[in-house]
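# my questions are about this predicted structure, shown below with the sequence.
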Amino acid sequence: MHKHLRIFILLLILLIIALGTWATNMRATDWSHPLRVVIPMTYENA
């Protein structure tokens, strides 16, 4: 009984991690909105 419960909990944790990784990957590659990039520039008076 405890073995089945432990396997179920571990599979549930694996599923949560996999879904989180998939969602992060989908947000990073979703091109419905432009990706905004800020490049800091420094100007020196020479």
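Cool, got the structure.
# CA atoms only for stretch 10-18, dumped as PDB, please.
Provided in PDB are the C-alpha atoms of stretch 10-18 (Å, rounded to 0.1, in the frame of the first residue of the first chain):
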ATOM      1  CA  LEU A  10       6.500  10.800  -7.200                       C
ATOM      2  CA  LEU A  11       4.600  10.600 -10.500                       C
ATOM      3  CA  LEU A  12       2.500  13.600  -9.400                       C
ATOM      4  CA  ILE A  13       5.600  15.600  -8.600                       C
ATOM      5  CA  LEU A  14       7.100  14.600 -12.000                       C
ATOM      6  CA  LEU A  15       3.900  15.700 -13.800                       C
ATOM      7  CA  ILE A  16       3.900  19.100 -12.100                       C
ATOM      8  CA  ILE A  17       7.500  19.700 -13.000                       C
ATOM      9  CA  ALA A  18       7.000  18.600 -16.600                       C
END
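# and residue 16, which of the three is it?
helix (DSSP: H, G, I helix; E, B strand; the rest coil).
# end to end, how far does stretch 20-39 reach?
Taking CA to CA, to the nearest Å as the measure, stretch 20-39 stretches 29 Å from start to finish.
# buried stuff in it?
Residues of stretch 20-39 classed as buried by neighbour count (16 or more other CB atoms under 10 Å): none. Just so you know, the C-beta spots here come from the backbone N, C-alpha and C atoms, and that holds for glycine as well.
# which residues touch that stretch?
Taking contacts as CB atoms under 8 Å, 6 or more residues apart in numbering, no residue outside stretch 20-39 touches it.
# where does the protein dip in pLDDT?
45-46 (pLDDT under 70).
# just the helices in this structure please.
For the chain, the helices defined by DSSP state H cover 2-28.
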